[in-house]
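> dropping the sequence and predicted coords here.
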Number of protein chains: 2
Amino acid sequence: MQYHQAVVAAEPLVTALDQAGYRLTQPRRALAMMIAGRDGHFTAAELLDEARQRRLGIGRATIFRALDLFADLGLLERLDLPTGDHAYVPCEPVHHHHVVCSVCGASTDVQAACIQATVAEIERQSGFRIDSHRLELYGRCPLHAAAGTP
Amino acid sequence: MQYHQAVVAAEPLVTALDQAGYRLTQPRRALAMMIAGRDGHFTAAELLDEARQRRLGIGRATIFRALDLFADLGLLERLDLPTGDHAYVPCEPVHHHHVVCSVCGASTDVQAACIQATVAEIERQSGFRIDSHRLELYGRCPLHAAAGTP
DNA sequence: GAAGTTAATGAGATGCAGTATCATCAAGCG
DNA sequence: CGCTTGATGATACTGCATCTCATTAACTTC
Ligand SMILES: [Zn+2]
Ligand SMILES: [Zn+2]
Ligand SMILES: [Zn+2]
Ligand SMILES: [Zn+2]
């Protein structure tokens, strides 16, 4: 069970860009490596800070554009944290959900299958034709489950 | 089956404020009526526009404060639309979820019970202790289910 | 490898959502 | 009616995100 703690390799991001017909530019390569070096979720602002500290000369706009692009390709997913912040999580390009630790930010994937039945039930109940949904779960990872208030 | 389409009465909002010990001010009464007159979800910006058009003289800050207050009292719930916009939906003060029509914005409540089992299953799968979750469903209401692409 | 085409970049300006400040106002109360 | 204090709104401000556009560099073609 990996908590997105393990360092993700940068190549998948780069090759996915290539296969989709996008240019393999220096800023995009650098961002892929920065994302690969992250544990758990991260925000655009954090990437911006890191890029600045490392004097990579990557512009604000480029970072937002790259994040959008990765998200469109299904390599990142955008989360709305309970705090209201927008964060991103490295992601398999198939529909699934995330469980996020409120203490350390670690996250793990949950396969979508286990919610299919629920969605079907909700379609029946509501009469709506459901096209998409967002499910995000917040709690404490095994390491932090002991501490804190339930 | 109400789709939050029916005009919600303003009194519940006002009386809830009163019972919670908040002052029944003119701006809050006006906002309660504006919210009551809305169908489906709405944004802070929309309320702001309406207030300006009607020359109600309600300040930006007051609107945000009132929305926060109603949300704290469980009378509104804040949604993160797929577009990234933040919207609010009139709401019962118990935990539940929303199905939102992407065409007309109509929404209906879904009882939380039907996801309890799923959450338990996810706790088992992930090893996380889950404290909270957010589930929002998007699709088309019965009136709009026929049209559009699936 | 050089030249050309065009996507991509980055600096800065701009827009916009939400918050902080604080003097003024009015809701509730006796 | 007059007091007390929560509430208001004008203003300023912060910070995220987007837009513009001249310049750059990634890929293509030869
Ligand atoms: Zn943790
Ligand atoms: Zn899902
Ligand atoms: Zn509701
Ligand atoms: Zn509809």
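Here it is on my side, so go on. Residues are numbered from 1 along each chain as shown, chains lettered A, B, ... in the order given. Ligands and ions are numbered 1, 2, ... in the order given.

> list the contacts for the residue nearest to residue A:13 when sequence neighbours are not counted?
Of all residues not flanking residue A:13 in the chain, residue A:32 sits nearest, at 4.0 Å (C-beta to C-beta, 6 or more residues apart in numbering or on different chains). All C-beta atoms are positioned from the backbone trio N, CA, C, and that covers glycine. Counting by C-beta atoms under 8 Å, 6 or more residues apart in numbering or on different chains, residue A:32 makes contact with A:10, A:13, A:14, A:17.

> redo those as JSON lines? Include neighbour count and distance to residue A:27.
Below are the contacts of residue A:32 laid out as JSON lines (neighbours: other C-beta atoms under 10 Å in any protein chain shown; distance: C-beta to C-beta, whole Å):
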{"residue": "A:10", "neighbour count": "17", "distance to residue A:27": "13"}
{"residue": "A:13", "neighbour count": "24", "distance to residue A:27": "13"}
{"residue": "A:14", "neighbour count": "18", "distance to residue A:27": "12"}
{"residue": "A:17", "neighbour count": "21", "distance to residue A:27": "12"}
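
> name the nearest of those relative to residue A:38.
Nearest to residue A:38 out of the contacts of residue A:32 is residue A:10 (C-beta to C-beta; 10.9 Å).

> show me the domain layout of chain A.
Listed domain ranges for chain A are A:1-93, A:94-150 (source: automatic domain parsing).

> need the contact list for residue A:69.
A:17, A:22.

> tell me the centre residue of chain A?
A centroid search over chain A (C-alpha atoms, centre = their mean) returns residue A:89, at 1.6 Å, as the residue closest to the centre.

> residues from chain A in reach of chain B?
For chain A, the residues in contact with chain B (C-beta under 8 Å from any C-beta of the partner chain) are A:1, A:80, A:82, A:97, A:99, A:101-102, A:108, A:110-111, A:114-115, A:118-119, A:121-123, A:125-142, A:145, A:150.

> per-residue confidence at the residue nearest to residue A:13?
If you check residue A:32, the pLDDT there is 96.

> so it: helix, strand or coil?
With DSSP: H, G, I helix; E, B strand; the rest coil as the basis, residue A:32 sits in helix.

> pLDDT score for the residue of chain A at minimum distance from ligand 3?
Chain A approaches ligand 3 most closely through residue A:126 (11.8 Å), counting by C-beta to the ion. Reported pLDDT at residue A:126 in the predicted model: 87.

> do the same with the one 4 residues further on
In this model, residue A:130 is scored at 89, pLDDT.

> how many residues are close by it?
As a burial measure, residue A:130 scores 17 neighbours (other C-beta atoms under 10 Å in any protein chain shown).

> fine, thanks again, bye for now.
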